[in-house]
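A.B. asks: My questions are about this predicted structure, shown below with the sequence.
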Amino acid sequence: MTDVNTLGEFGLIDHLTKSFPITQPSTVKAVGDDAAVVDNGNFCTLIATDMLVEGIHFDLVYTPLKHLGYKAVVVNLSDIYAMNGQPRQITVSIAISSKYSVEALEDLYAGIRAACDAYGVDLVGGDTTSSPQGMIISITAIGQGEKERLSYRSGARPGDLVCITGDLGAAYLGLQLLEREKRIWQEHPDVQPNLEDQKYIVGRQLKPEARRDMIDAFRKADLVPTAMIDISDGLASELFHICKQSGVGALIEESGVPIHPEAQMMALQFKLDPITCALNGGEDYELLFTIDPKDTEKVRFLPDIYIAGEILEADAGIKLNTKGGKLHEIKAQGWKHF
Ligand code: ADP
Ligand code: MG
């Protein structure tokens, strides 16, 4: 028997799905992007799904159920926005053990409701079942996009500019902080953690937002990114996906990677290099996208977008030009392990 770890997450998905033929003419994009794309004539339907498992993806010691519900929706919507589409509906499936009360599940659904309200999507179905222990949440988001305006991972071309929205690394540092405070609390239950000074990074971990505003801004600016992906596993991993699927290389400037001051400070406290947190942390749910250089003027005036590098030919590899002027190979380490 082969250990699943020998393939890694993406190797495993590829191994299991590669022999499936596409038989429906309406299947435009199957496995391999942020969302599947189905041609419906005038528009395309986008479908993205994600599963969260208690003890692996969330820890209820420091995650309020309302926040969990909100985040579980947002991470799926982020995958629809990453195609340059608009989410419209979600389905929510839960498996729960007997330790969950009705009140606890009401809290979870209050968060799901808040996300539906904030992003304008409808809850249209799901499934409810029992689990031997803990909770599993699986959400599917269904969205819409125009065929000519969709951005796949595969569209980056040499000469394109690499852009990043918001800032990176904060959600990972928020998680490190929450984990540290949990350990302290477990050893000294009388000491209350003080997270007041770190509201930004804790918020980034517990209540992320998807970049709907960017998709709206792209439309207003008449811009279609040549490639796009949401940053759920860290910049390194996402850049690797774009480069691999587009058959290109990339050069990123460390000075061009946006990192929030609070994340910088917390990285130093943990004796981590902030750029390492941006590259290999995760859960920022920002967008990584590439644009044709002729569109540079269109993004220059959009707020919260940073030009961080350039797409190169494949043989140039994927590299980081550090602030010290050294070239480092970027390796995709942000992969989830089993
Ligand atoms: P993301 O991080 O954007 O959610 P994933 O890395 O989870 O993307 O998935 C990559 C691609 O593989 C997606 O197209 C997803 O639908 C597909 N995929 C993941 N797991 C499976 C599976 N068990 N069977 C079929 N397709 C899968
Ligand atoms: Mg994604």
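C.D. replies: Now that the structure is in, tell me what you want to look at. Ligands and ions are numbered 1, 2, ... in the order given.
A.B. asks: residue ranges for the helices of the stretch 51-200 of the chain, please.
C.D. replies: If DSSP state H, counting those that start in this stretch is used as the criterion, the helices of the stretch 51-200 of the chain fall at 65-81, 102-119, 170-187, 199-206.
A.B. asks: Quick check: which element contains whatever residue of the stretch 101-250 of the chain ends up closest to ligand 2?
C.D. replies: Ligand 2 sits closest to Asp230 of the stretch 101-250 of the chain, with a gap of 4.3 Å, by Cβ to the ion. Backbone N, C-alpha and C define where each C-beta goes, glycine included. Using DSSP states H and E, Asp230 maps to strand 227-231.
A.B. asks: And that strand, what does it pack against?
C.D. replies: Judged by 3 or more Cβ pairs under 8 Å, 6 or more residues apart in numbering; DSSP states H and E, strand 227-231 is in contact with helix 65-81, helix 235-246, strand 286-291.
A.B. asks: okay, the ones you listed, which one's buried deepest?
C.D. replies: Neighbour counts (mean count of other Cβ atoms under 10 Å) averaged over each of these peak at strand 286-291, with a mean of 27.
A.B. asks: which other residues reach that one?
C.D. replies: 81-82, 151, 155-157, 160-168, 211, 214, 223, 225-231, 235, 238-239, 242, 298-299, 311 (Cβ atoms under 8 Å, 6 or more residues apart in numbering).
A.B. asks: from the residues you listed, which would you call buried?
C.D. replies: 81-82, 151, 155-156, 160-168, 211, 214, 223, 225-231, 235, 238-239, 242, 298-299, 311 (16 or more other Cβ atoms under 10 Å).
A.B. asks: Would you mind giving the helices of the stretch 51-200 of the chain as JSON lines with mean pLDDT and distance to ligand 2 added?
C.D. replies: Shown next, in JSON lines, are the helices of the stretch 51-200 of the chain (pLDDT from 0 to 100; distance: least, Cβ to the ion, whole Å):
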{"stretch": "helix 65-81", "mean pLDDT": "98", "distance to ligand 2": "4"}
{"stretch": "helix 102-119", "mean pLDDT": "98", "distance to ligand 2": "16"}
{"stretch": "helix 170-187", "mean pLDDT": "94", "distance to ligand 2": "14"}
{"stretch": "helix 199-206", "mean pLDDT": "96", "distance to ligand 2": "17"}
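A.B. asks: so which of these gets nearest Phe270?
C.D. replies: Across the helices of the stretch 51-200 of the chain, Phe270 has its closest neighbour in helix 170-187 (5.6 Å, Cβ to Cβ).
A.B. asks: what's the spacing between Val4 and ligand 1?
C.D. replies: Distance from Val4 to ligand 1, counting by Cβ to the nearest ligand atom, to the nearest Å: 11 Å.
A.B. asks: For the residue of the stretch 151-300 of the chain at minimum distance from ligand 1, give me the backbone phi and psi.
C.D. replies: Nearest residue of the stretch 151-300 of the chain to ligand 1, counting by Cβ to the nearest ligand atom: Ser232, 4.9 Å away. Note on Ser232: its backbone torsions stand at phi -100, psi -30 [degrees, to the nearest 10].
A.B. asks: so who does it touch?
C.D. replies: Listed by Cβ under 8 Å, 6+ apart, the contact partners of Ser232 are 75, 78, 238, 282-285.
A.B. asks: possible to save these as a markdown table with distance to Ser255?
C.D. replies: Formatted as a markdown table, these follow (distance: Cβ to Cβ, whole Å):
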| residue | distance to Ser255 |
| --- | --- |
| Val75 | 29 |
| Ser78 | 26 |
| Glu238 | 19 |
| Gly282 | 22 |
| Glu283 | 24 |
| Asp284 | 18 |
| Tyr285 | 23 |
